[in-house]
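In: Okay, predicted coordinates and the sequence, questions at the end:
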Amino acid sequence: RSVMPSPESVMAHRSATPSPASVMTSPADVTTPSALLKNEKKKNEKAVSPLVHVATALLAFMAGFVNVIGLGLFSKTIGNVTGLVTNIAIHLIDDDPIAAVVPLQYFSFLLGSVVSGVLISSRKVGWGTELYGIVLMLVSALIFVGWRTATTSENVAICVLALSMGLQNGMLTKHAHAVVRTTHMTGTTTDIGVIIGHQLGRRLHDLAMREHLFSREGSQHVQRENTLRRRRSEWGQMRLLSLLLVSFFCGSLTGFSLYRAWGADALLLPAIAEAAMGSSYFLYFHALKLCPRRHRQLRAPPARSTV
């Protein structure tokens, strides 16, 4: 005689048996090769981010240094292309002969950016994969030439220094979702103001929509997560941009103080510093080759998954 199972035992068996839907793997749980590559890039970016912050701060310091010495020696800013374009327009409207150095300085800066684009293929950080060392050594050599010709040929010195700043400015143009410029602070100041405006706007929006959000529990958590993610990203950008602005300002202070004491010889300091940075880059990655595992992590993409 068969015994019929009780309703309680049937329910217990059903709860212990996983449903087909629960054992199915969602597409989000499958790690694709593109997801692996993206995650690896994020890890590498976080790993080198402190070094990038220090390097960009030093470059902004040197750019402020060179720019203020250009004002002292030639009464011209070296990396301010906006002023050059404005001067050309003024001369054209007034039918005045344009000083030859004005367009030459503009095209020198442009040429430096072109050379930088040839040597460095990516707009983002390519730590160990880009020729930053060569670019820094070229910038150093050009500043040395500018120092050598500052007292003998003013126009040549202006163009050579503009070439060096264009070359430096094109090295790194994007990091941590921020546009990076080391030779002028117009865009940097604009981005800082926009980020502050975004933060204030979100604060005001949160206050105005507080009751509405509490009435929609389902969307409240998602909106908060997205808002926090954007805020973290923008505060990371703010730190980098503020560091660039302060470094440029400190470079200007230091540069003009040394210009008062040394004159054109003050240009030797940024020339030596850029050469030291380029040499350090070469030595760092030469030493890194002695550690193959770490070298592969920085240079090579992750292996493709077979899932």
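Out: Yep, that arrived. Residues are numbered from 1 along each chain as shown.

In: any chance you could map the strands in the stretch 1-150 of the chain?
Out: Assigned by DSSP state E, counting those that start in this stretch, the stretch 1-150 of the chain shows no strands.

In: Sketch out the low-pLDDT regions of it for me.
Out: Regions of the stretch 1-150 of the chain meeting the criterion pLDDT under 70 cover residues 1-48, 96-98, 123, 125-129.

In: Which stretches in it count as helices?
Out: Taking DSSP state H, counting those that start in this stretch to define them, one finds helices in the stretch 1-150 of the chain at 7-16, 20-23, 33-74, 81-93, 101-119, 132-149.

In: Serialize those to CSV and add fields for distance to residue 276 and mean neighbour count.
Out: (Glycine included, C-beta is placed from N, CA and C.) Listed next are those as CSV, based on distance: least, Cβ to Cβ, whole Å; neighbours: other Cβ atoms under 10 Å:
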stretch, distance to residue 276, mean neighbour count
helix 7-16, 68, 9
helix 20-23, 60, 6
helix 33-74, 10, 18
helix 81-93, 27, 14
helix 101-119, 19, 18
helix 132-149, 8, 21
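
In: Of the ones you listed, which is nearest residue 174?
Out: Evaluated over the helices of the stretch 1-150 of the chain, closeness to residue 174 peaks at helix 33-74, with 10.9 Å, by Cβ to Cβ.

In: packing partners for the helix or strand harbouring residue 236?
Out: Using DSSP states H and E, the secondary-structure element containing residue 236 is helix 217-262. Using 3 or more Cβ pairs under 8 Å, 6 or more residues apart in numbering; DSSP states H and E as the contact criterion, the neighbours of helix 217-262 among helices and strands are helix 33-74, strand 178-179, helix 186-208, helix 210-214.

In: Next, the angle helix 186-208 makes with it.
Out: Counting by axes from the mean of the first three to the mean of the last three Cα atoms, to 10 degrees, helix 217-262 lies at 150 degrees to helix 186-208.

In: end-to-end on stretch 259-272?
Out: Stretch 259-272 stretches 16 Å from its first residue to its last (Cα to Cα, to the nearest Å).

In: and it, which residues are buried?
Out: Residues of stretch 259-272 classed as buried by neighbour count (16 or more other Cβ atoms under 10 Å): 259, 264, 266, 267, 269, 270, 271.

In: Now intersect those with the helices, please.
Out: Assigned to helices by DSSP state H, the following of these qualify: 259, 269, 270, 271.

In: Tell me the predicted confidence for the second one.
Out: Going back to what we said before, that points to residue 269. Residue 269 is assigned 96 on the pLDDT scale.

In: From what I see, it and residue 259 are in contact.
Out: No - taking Cβ atoms under 8 Å as the definition, residue 269 is not a contact partner of residue 259, at 10.3 Å.

In: And stretch 230-239, what's buried?
Out: Of all the residues in stretch 230-239, those buried under the rule 16+ other Cβ under 10 Å are 234, 237, 238.

In: residues making contact with that stretch?
Out: For stretch 230-239, contacts defined as Cβ atoms under 8 Å, 6 or more residues apart in numbering pick out 53, 176, 177, 178, 191, 192, 195, 196, 198, 199, 202.

In: Where is pLDDT lowest across those residues?
Out: pLDDT across those is at its lowest for residue 176, which sits at 62.

In: how far away is the residue lying closest to residue 186 once chain neighbours are set aside from residue 184?
Out: Sequence neighbours aside, residue 82 is the residue nearest to residue 186 in space, at 6.8 Å (criterion: Cβ to Cβ, 6 or more residues apart in numbering). Taking Cβ to Cβ, to the nearest Å as the criterion, residue 82 is separated from residue 184 by 8 Å.
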